[in-house]
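Q: Below are the sequence and a predicted model for it; my questions follow.
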Amino acid sequence: MDFPRETSKGVFRPEEFAVVKHVFDAVTGEAWFTHSEKRREQFATYLLDAYQNGLTDPFELKTLGRAAARERFAVH
């Protein structure tokens, strides 16, 4: 489900935030994701930015978010 961006940049409606939070929780809950609080904050910022820049489809956000997270935030 895509949500039109009617609000100003930086403002999320509850249903929009829920999409981003669901993706964040799903990806950071995977065993390979780092436990570093700073890196988790960076990933959250990445997801919020991606959403604000038009990546609003939950499946696409999760797919691309997971790929980016594996590259940038995986425990080695």
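A: That came in fine, so what should we check first? Numbers count the residues shown, from 1 in each chain.
Q: Could you use CA atoms for every contact and neighbour count after this?
A: Fine.
Q: Okay, helices next: where are they in this structure?
A: Listed in chain order, the helices of the chain (DSSP state H) span residues 14-28, 37-52, 58-72.
Q: how far does the last one sit from the chain's center?
A: Read that as helix 58-72. 8 Å (CA atoms, centre = their mean, to the nearest Å).
Q: taking the mean pLDDT, what do you get for it?
A: Averaging pLDDT along helix 58-72 yields 96.
Q: Can you tell me, leaving aside adjacent residues, what's nearest to Phe43?
A: Nearest non-adjacent residue to Phe43, counting by CA to CA, 6 or more residues apart in numbering: Ala69, 7.1 Å away.
Q: Would you mind measuring from that neighbour to Val11?
A: The gap separating Ala69 from Val11 is 24 Å, by CA to CA, to the nearest Å.
Q: go on, Gln52?
A: 9 Å.
Q: Give me the more crowded residue out of those two.
A: With neighbours defined as other CA atoms under 10 Å, Gln52 and Val11 compare such that Gln52 has more, 17 against 12.
Q: Help me confirm that that one comes into contact with Glu16.
A: No: using CA atoms under 8 Å, Gln52 makes no contact with Glu16, being 9.8 Å away.
Q: Let me know how buried the residue nearest to Phe43 is, in neighbour terms.
A: 22.
Q: and Val23, what is it in contact with?
A: 58, 61-62, 65 (CA atoms under 8 Å, 6 or more residues apart in numbering).
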